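In: Here you go, sequence then predicted model.
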Amino acid sequence: MSQSEPVASAPEPAAAIGSPASVLPSRRALRAAREATALAVAVPATAPAVTHTHSRHAAAPAAARAPATVAAPPRSPRAVRRQSPFTIGVAFLAIPGLLLTLALPAYSYSPGAAATQEHALGAAQDLAVSAASVSITLDRDGYTATTPEDIAAQTEASRLAAVRERSAAAVRASAAQYASSGIRDENDDYPWPDGAADGATLSPQGYYFKECVDFVAWRLNRDAGASATALTWTWQNLTPGAGSARSWSSAWSSQGRVTSDTPVVGAVAWFTYNHVAYVQSVPGDGTVVLEEYNWMGSHAYHTRVVPIGDVALYLYPPG
């Protein structure tokens with residue numbers, strides 16, 4: 001070979017493939033063909049001609065100095081991996097389990113908790129409660145509430161009190177007018193109608209003129225058969241030591257005389273507001289007819305009908 005002959009390029013793989021031996025290529029030949037095809041894409045098919053003036057051996061270093069560019073083989077697309085139904089089912093069960101675990105409150109297991117509780121109960125103090133304390137009950141009988149019926153009763157009582165007050169005022173005015181006229185009721189047998197009603201002058205019975213106590217003392221004398229000049233009962237033996245109406249109940253008790261809640265004709269009707277009257281009759285209808293002097297401060301004779309229960313106590317005539 002002459003020095004001016006160009007260096008022949010490497011044999012092309014296509015010529016090898018077209019040879020008779022490649023009618024039935026082997027796996028190695030196919031792999032070599034694929035690699036050659038890949039190199040042909042990266043390296044230009046026509047290489048620049050190099051003129052050598054020296055021998056064939058002298059051109060080898062120059063060819064060795066040329067960098068060789070090798071392209072990476074193209075990657076084939078990855079096949080999508082199909083998940084099995086079993087794997088999908090496990091995932092569906094595992095995800096809710098994880099969420100429920102996060103939602104549950106934290107807890108701990110302490111094998112010694114029961115022993116600790118038993119020790120605490122054993123070390124606790126015992127409290128003994130006596131049977132008397134257990135049997136104590138709460139009594140609410142002392143507490144009352146105002147009912148509509150109570151309010152109605154109080155309203156009615158206030159109304160009746162106002163009516164009585166107006167009636168008493170009318171009676172006082174009428175009695176004063178009647179006394180000043182000099183005309184006496186036919187049942188008014190008080191023997192000293194002209195006595196001074198000044199609260200300072202005593203009658204022959206030892207009480208003030210025209211007071212309630214002096215009139216009732218006279219009725220007791222009359223029923224005993226006495227007269228204005230020959231008296232049976234006076235302050236000294238009827239209510240010794242006290243003359244006001246308030247003290248008559250205790251005077252009856254101290255002398256052993258009979259008292260009762262049941263009225264009888266001739267008894268003394270004793271009131272707690274410092275007043276006494278004479279029981280004229282008992283009609284039997286639950287009322288009692290009274291005769292009295294100085295009712296509501298009138299210093300005159302008066303009669304009235306009251307329920308039996310309005311009188312605090314009945315003092316029976318002394319024997």
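Out: On my side now, so go ahead. If you're wondering where the values come from, they're calculated on a predicted model, not measured in any experiment.

In: Now for Pro317, how many residues are close by?
Out: 17 (other Cβ atoms under 10 Å). Backbone N, C-alpha and C define where each C-beta goes, glycine included.

In: Need the three-state assignment for it.
Out: Put simply, Pro317 is coil when judged by DSSP: H, G, I helix; E, B strand; the rest coil.

In: where's the closest residue in space to it that isn't next to it in sequence relative to Arg246, distance?
Out: Closest residue to Pro317 apart from its sequence neighbours, by Cβ to Cβ, 6 or more residues apart in numbering: Gly266 at 5.0 Å. Using Cβ to Cβ, to the nearest Å, we find Gly266 at a distance of 22 Å from Arg246.

In: which regions of the stretch 1-150 of the chain lie under the pLDDT threshold?
Out: Along the stretch 1-150 of the chain, the parts satisfying pLDDT under 70 run over 1-25, 40-83, 100-143.

In: same check, this time on the stretch 151-300 of the chain
Out: For the stretch 151-300 of the chain (pLDDT under 70), the answer is 167-184.

In: What segments of it are helices?
Out: 212-223, 235-238, 248-254 (DSSP state H, counting those that start in this stretch).

In: Need the winner for burial among these.
Out: Of all the helices of the stretch 151-300 of the chain, helix 212-223 has the most neighbours on average by mean count of other Cβ atoms under 10 Å, namely a mean of 23.

In: which helices and strands does that helix pack with?
Out: helix 235-238, strand 275-281, strand 287-293 (3 or more Cβ pairs under 8 Å, 6 or more residues apart in numbering; DSSP states H and E).

In: and the angle for the last one with strand 275-281?
Out: Relative orientation of strand 287-293 and strand 275-281, computed by axes from the mean of the first three to the mean of the last three Cα atoms, to 10 degrees: 130 degrees.

In: can I get the CA coordinates of strand 287-293 in CSV?
Out: Taking Å, rounded to 0.1, in the frame of the first residue of the first chain, the C-alpha atoms of strand 287-293 are listed here in CSV:
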residue,chain,number,x,y,z
THR,A,287,-124.9,33.9,118.7
VAL,A,288,-125.2,35.6,122.0
VAL,A,289,-127.1,38.8,122.9
LEU,A,290,-125.1,41.2,125.1
GLU,A,291,-126.0,44.3,127.2
GLU,A,292,-123.2,46.7,128.1
TYR,A,293,-122.2,50.2,129.0
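
In: Which neighbours in the sheet does that strand have, and how are they oriented?
Out: strand 275-281 (antiparallel), strand 301-307 (antiparallel) (DSSP bridges).

In: and those strands as CSV, adding distance to Ala33?
Out: Shown next, in CSV, are these (distance: least, Cβ to Cβ, whole Å):
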stretch, distance to Ala33
strand 275-281, 151
strand 301-307, 144
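
In: now for those, which one comes closest to Asp185?
Out: strand 301-307 (5.4 Å; Cβ to Cβ).

In: Please spell out which residues along that closest one are buried.
Out: 301-302 (16 or more other Cβ atoms under 10 Å).

In: now what about that strand, what contacts it?
Out: 171, 175, 184-185, 187-188, 190, 215, 280, 283, 286-293, 295 (Cβ atoms under 8 Å, 6 or more residues apart in numbering).

In: got the angle between that strand and helix 212-223?
Out: Counting by the same axes, to 10 degrees, strand 301-307 lies at 90 degrees to helix 212-223.

In: circling back: quick one: the helices and strands packed on helix 212-223 as TSV, columns for distance to Ala224 too.
Out: Formatted as TSV, the helices and strands packed on helix 212-223 follow (distance: least, Cβ to Cβ, whole Å):
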stretch	distance to Ala224
helix 235-238	11
strand 275-281	13
strand 287-293	17
